[in-house]
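> This is the structure alone, sequence omitted:
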């Protein structure tokens with residue numbers, strides 16, 4: 001079996017701090033994999049990586065999600081309008097997604113109802129397909145491009161505002177939307193409970209589905225935004241296992257493991273270090289053993305971000321005694 005493991009967050013996103021953050025970590029199996037395999041540097045974002053794996057940009061996901069939710073996806077243009085929390089930090093506005101806050105279906109319904117009352121005359125309608133995943137239909141052409149949420153969490157949104165002919169108009173709409181959400185009783189109640197307010201949405205997923213091709217027969221991932229990519233290309237999709245021992249042998253597969261992603265995005269150095277050591281035990285050491293026993297025909301390990309890379313390793317590579325383990329600091 002050939003296994004492609006995409007691990008967003010494996011490389012610390014602030015590359016200038018990466019060596020220091022990873023200092024003293026005990027991950028001998030990972031360092032053996034890095035040293036023995038063929039390492040290709042790839043400083044690409046998560047969205048760019050997905051586009052490369054599927055052979056075309058991951059566009060049109062919102063329309064596909066609308067169709068799966070039973071909405072009239074053929075009418076108008078569609079966007080994800082995912083509920084988020086924006087926090088002002090000096091001269092930056094940092095974005096947090098539903099990964100760090102709980103949103104109930106009742107809260108989603110009440111907030112999108114308020115948005116629809118306000119923006120309905122502008123030809124915009126919001127649909128809470130899930131508590132943490134809202135959809136937006138525009139009766140008018142979008143005439144703008146949007147940055148995928150994957151690449152914005154934990155980042156300064158000022159670098160990722162809508163672009164294109166109507167980019168400025170969409171930015172103004174977001175400002176208006178944020179002021180409206182600020183006044184909602186739902187957010188008053190959330191803050192009274194000590195929870196983060198839902199004070200904005202993030203727009204993304206525009207366009208039409210690309211001419212995708214499957215990167216593998218199977219997809220194992222917990223990110224529901226990837227399911228349309230899998231279904232449109234005939235991939236069997238299932239949840240990611242908790243450890244390598246839970247990976248059923250069979251057809252080649254693409255495994256997207258997001259265990260490190262949130263800690264890296266929110267710059268949680270201690271959480272990132274603890275998770276990496278757990279991955280060493282649950283994934284890297286067992287994968288190294290499986291390669292030695294030839295249970296894996298090939299392992300491809302992909303890390304995204306400025307210090308990202310793609311590592312390819314086959315059982316015969318482990319016999320290359322002249323190649324030494326690679327310290328994590330060498331990635332930066």
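Received, thanks. Keep in mind that what you see is a predicted model, and the values were worked out from it rather than measured.
> hey, let's count contacts and neighbours off CA atoms from now on
OK.
> May I ask you to name the longest strand in this structure?
In the chain, taking DSSP state E as the definition, the longest strand is strand 77-89.
> Pull the number of nearby residues for the closest residue to residue 55 other than its chain neighbours.
Distances taken as Cα to Cα, 6 or more residues apart in numbering place residue 212 nearest to residue 55, at 5.5 Å, with adjacent residues excluded. Counted with other Cα atoms under 10 Å, residues neighbouring residue 212 total 18.
> just the strands in the stretch 51-200 of the chain please.
77-89, 92-96, 124-130, 133-138, 200-204 (DSSP state E, counting those that start in this stretch).
> How about residue 294: what's its closest non-neighbour residue?
residue 315 (6.1 Å).
> got it, and residue 32?
That would be residue 325: by Cα to Cα, 6+ apart, it lies 4.4 Å from residue 32.
> The one you found: what secondary structure?
coil (DSSP: H, G, I helix; E, B strand; the rest coil).
> Tell me who's in contact with it.
28, 31, 32, 33, 34, 35, 36 (Cα atoms under 8 Å, 6 or more residues apart in numbering).
> Tell me if I'm right that the fifth one and residue 312 touch.
The reference is to residue 34. No: in terms of Cα atoms under 8 Å, residue 34 does not count as a neighbour of residue 312; the distance is 9.0 Å.
> Same drill for those two, tell me which one is more crowded.
Counted by other Cα under 10 Å, residue 34 and residue 312 do not tie: residue 34 has more neighbours, with 24 against 18.
> and that one, what does it touch?
Listed by Cα under 8 Å, 6+ apart, the contact set of residue 34 reads 311, 325, 326.
> elements contacting the helix or strand containing the first one?
In this structure, residue 311 is located in strand 309-313 according to DSSP states H and E. Helices and strands touching strand 309-313, as assessed by 3 or more Cα pairs under 8 Å, 6 or more residues apart in numbering; DSSP states H and E, comprise helix 28-36, strand 38-41, strand 298-303.
> Go again with 6 Å.
strand 38-41, strand 298-303 (3 or more Cα pairs under 6 Å, 6 or more residues apart in numbering; DSSP states H and E).
> now the helices: where do they sit in the stretch 101-250 of the chain?
With DSSP state H, counting those that start in this stretch as the criterion, the stretch 101-250 of the chain has helices at 105-119, 167-182, 185-192, 227-232.
> gap between the third one and the chain center?
Taking Cα atoms, centre = their mean, to the nearest Å, one finds helix 185-192 lying 28 Å from the centre of the chain it belongs to.
> So which bits of it are buried?
Residues of helix 185-192 classed as buried by neighbour count (16 or more other Cα atoms under 10 Å): 186, 187, 188, 190.
> and of the residues you listed, the nearest to residue 103?
Distance to residue 103 across those (Cα to Cα) is lowest for residue 190, with 9.6 Å.
> Quick check: pLDDT value at the closest residue to that closest one other than its chain neighbours.
Distances taken as Cα to Cα, 6+ apart put residue 197 closest to residue 190, at 6.1 Å, once the chain neighbours are dropped. pLDDT, residue 197: 97.
> Let me know whether residue 197 touches residue 187 as I believe.
Yes: applying Cα atoms under 6 Å as the test, residue 197 and residue 187 come out as touching, 5.1 Å apart.
> What residues are bridge-paired with the closest residue to residue 216 other than its chain neighbours?
Spatial nearest neighbour of residue 216, chain neighbours left out: residue 253 (5.1 Å); criterion: Cα to Cα, 6+ apart. For residue 253, the beta-bridge partners are residue 3, residue 218 (DSSP bridges).
> Correct me if wrong: residue 253 contacts residue 218.
Yes: assessed by Cα under 6 Å, residue 253 is found in contact with residue 218 at 4.5 Å.
> Lowest-scoring secondary structure element of this structure by mean pLDDT?
In the chain, the helix or strand scored least confidently by mean pLDDT, DSSP states H and E is strand 92-96, which has a mean of 90.
> now it against strand 77-89, angle please.
Angle, strand 92-96 to strand 77-89, by axes from the mean of the first three to the mean of the last three Cα atoms, to 10 degrees: 120 degrees.
> what angle separates strand 92-96 from strand 200-204?
For strand 92-96 against strand 200-204, the angle by the same axes, to 10 degrees is 80 degrees.
> List the contacts of strand 92-96.
Residues outside strand 92-96 that contact it (Cα atoms under 6 Å, 6 or more residues apart in numbering) are 84, 85, 86, 87, 153, 154, 155, 156, 157.
> Domain parsing of the chain, as residue ranges.
Annotated domains of the chain cover 2-58+212-331, 61-204 [the TED database].
> where does the stretch 51-200 of the chain dip in pLDDT?
Within the stretch 51-200 of the chain, the set of residues satisfying pLDDT under 70 is empty.
> Just the buried ones from the contacts of residue 325, in ChimeraX syntax?
Selecting the buried subset of those in ChimeraX, with 16+ other Cα under 10 Å as the burial test, is done by:
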select :28,31,32,33,34,35,36
